[in-house]
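[1] Need the 3D shape of this:
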Amino acid sequence: MLLVFLSALLAGTAWSWPQGIDEILIQVAQADIDVQQFFKALSKNDFKLLPEYYSKLAVHRTILKSGADILKNLKIPENAKSIQEVLSIQLDKLLFKLRGILPENEPQAVKEKNTNS
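    Residues are numbered from 1 along each chain as shown. Got it, this is the predicted structure:
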């Protein structure tokens, strides 16, 4: 949904993406999909899938935190500030959801699984 919105918004702009913003956009979309799948599994009481989603979401949280920092420091043209703001809002929204799902200090088992992957 966000990607469709940004594509429509970008149609009228005459600038190129700053390097790295496309990766942030992809990570935001993938994290959003995984958050939705997590809640879908939770609503269906499919608890055996939750550890897998916890691991994915922990990785997304780390990537999105660094992506938020990168996005804040980007130098983009004035006519593209609205796109930067929309993406920043989406990043903050996802990080807020992830804070509600994941504990701040993730369990040792999740850390070990992430380092072994």
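
[2] Can you tell me the closest non-neighbouring residue to the residue positioned nearest the centre of the chain?
    By C-alpha atoms, centre = their mean, the mean C-alpha position of the chain lies nearest to residue 28, the distance being 3.0 Å. For residue 28, the nearest residue in space outside its immediate sequence neighbours is residue 90; the separation is 5.4 Å by C-beta to C-beta, 6 or more residues apart in numbering. No exception for glycine: its C-beta is placed from N, CA and C like everyone else's.

[3] The residue nearest to the centre of the chain and residue 64 touch, don't they?
    Yes: contact between residue 28 and residue 64 holds when scored by C-beta atoms under 8 Å: they sit 7.0 Å apart.

[4] Now the common contact residues for these two.
    91, 94 (C-beta atoms under 8 Å, 6 or more residues apart in numbering).

[5] Give the next helix or strand downstream of the helix or strand hosting residue 39.
    Applying DSSP states H and E as the criterion places residue 39 in helix 21-43. Read in the C-terminal direction, the helix or strand following helix 21-43 is helix 50-73, with elements assigned using DSSP H and E.

[6] What residues sit buried inside the helix or strand following that next one?
    Past helix 50-73, further along toward the C-terminus, the next helix or strand under DSSP H and E is helix 81-101. Of the residues in helix 81-101, those buried under the neighbour-count criterion (16 or more other C-beta atoms under 10 Å) are 83, 84, 87, 88, 90, 91, 94, 95, 97, 98, 101.

[7] possible to save the residues you listed as CSV with distance to residue 41?
    CSV is the format used below for the buried residues of helix 81-101 (distance: C-beta to C-beta, whole Å):
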residue, distance to residue 41
83, 32
84, 33
87, 27
88, 29
90, 22
91, 23
94, 18
95, 21
97, 15
98, 16
101, 12
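
[8] how deep is residue 47 tucked in, by neighbour count?
    For residue 47, the count of nearby residues is 9 (other C-beta atoms under 10 Å).

[9] In terms of pLDDT, where does it sit?
    Predicted confidence (pLDDT) for residue 47: 89.

[10] residues in contact with the closest residue to it other than its chain neighbours?
    Using C-beta to C-beta, 6+ apart and skipping the chain neighbours, the partner closest in space to residue 47 is residue 41 (7.9 Å). Counting by C-beta under 8 Å, 6+ apart, residue 41 makes contact with 47, 49, 50, 53.

[11] That'll do, ta.
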